[in-house]
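> could you work out the structure for the sequence below:
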Amino acid sequence: MGLFTELRRRKVFRVVALYVVGAWVVIQVAGEAFEAWSVPEQVLRYVWIGAILGFPLALVVGWRYDISGGRIVRT
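Here you go, the predicted structure:
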């Protein structure tokens with residue numbers, strides 16, 4: 001129970017939720033825009049790979065830093 005409590009205290013779940021929603025929006029917009037601009041479909045795969053590889057980075061940032069009151073505070 002200690003890890004779960006610490007994750008909640010550091011608001012890591014909020015970071016994960018924001019990252020997932022943000023990545024989903026970027027992928028959706030990229031899919032529509034790339035199709036309209038005749039960008040090769042392989043480029044959309046790179047967007048997916050970037051979103052997947054960025055997820056662990058978002059977890060680390062969410063664990064180490066807290067954004068509150070317009071400031072970034074190291075926890």
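
> pLDDT score for Tyr19?
Looking at Tyr19, its pLDDT is 96.

> enumerate every residue touching it.
Residues in contact with Tyr19 (Cβ atoms under 8 Å, 6 or more residues apart in numbering) are 54-55, 58. In short, each C-beta sits where N, CA and C put it, glycine included.

> closest to the centroid, which residue in this structure?
With distances taken as Cα atoms, centre = their mean, the chain has Tyr19 as the residue nearest its mean C-alpha position (2.6 Å).

> list the contacts for Val16?
58-59, 62.

> inside helices: which ones of the contacts of Tyr19?
Cross-referencing the contacts of Tyr19 against helices under DSSP state H gives 54-55, 58.

> of those residues - the most surrounded one?
Highest neighbour count within the ones in helices among the contacts of Tyr19, by other Cβ atoms under 10 Å: Ala58, with 18 neighbours.

> the closest residue to that residue other than its chain neighbours: which element?
Nearest non-adjacent residue to Ala58, counting by Cβ to Cβ, 6 or more residues apart in numbering: Tyr19, 4.2 Å away. If you go by DSSP states H and E, Tyr19 is part of helix 12-36.
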